[in-house]
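> return atomic coordinates for the entry below.
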Amino acid sequence: MAMKLQKIVIPAKAGIHAVNLSFKKIFKDWIPAFAGMTACAGMPMLFAAPLFAEPHAFPVPFVSKQHTSIFFSDLPGPGNIKIFTISGEEVIDLPIPPGQGQIEWPGPLTNSAGEKVATGVYLFVVDADGKKSTGKLVVIR
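All right, here's what the predicted structure looks like:
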């Protein structure tokens, strides 16, 4: 995946007020999330602008008393999502059908054997349309 890098060097003699104003001026229109960040004078900063949205899971954390399913969205194309325990054991393999930008891991969140998954941290790997990305999610029973 190609990324465009932008390098900014703020002079070391600039006061922190000037640094923050420069930083906000440069990034307020480019990426709104950067508008409240601060920078250090004399320190180069590199920022990469992603070319596509990364797949992600929600709600995180999944609380069984409040939620019914976990959804995976911003999926790049057909493929699969593999969910693993923190120790690397595969929990379930969810297929991503063609044309679906979002899929659901329906409650009560079971593994491939049909057993409810336990409270814990889980890792997921999205392998779709030639792209791989990873993430984590939390289940609270």
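> where does the protein have its least confident helix or strand?
helix 16-27 (a mean of 44; mean pLDDT, DSSP states H and E).
> can you list the helices and strands that the helix or strand hosting Val91 packs against?
Per DSSP states H and E, Val91 falls inside strand 90-96. Packing partners of strand 90-96 (3 or more Cβ pairs under 8 Å, 6 or more residues apart in numbering; DSSP states H and E): strand 79-85, strand 102-106, strand 120-128. All C-beta atoms are positioned from the backbone trio N, CA, C, and that covers glycine.
> which parts of stretch 117-136 are buried?
Val117, Tyr122, Leu123, Phe124, Val125, Val126, Asp127, Ala128, Ser133, Gly135 (16 or more other Cβ atoms under 10 Å).
> kindly reformat the helices and strands packed on strand 90-96 as TSV containing distance to Ala53 and mean pLDDT.
Shown next, in TSV, are the helices and strands packed on strand 90-96 (distance: least, Cβ to Cβ, whole Å; pLDDT from 0 to 100):
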stretch	distance to Ala53	mean pLDDT
strand 79-85	15	97
strand 102-106	12	95
strand 120-128	12	96
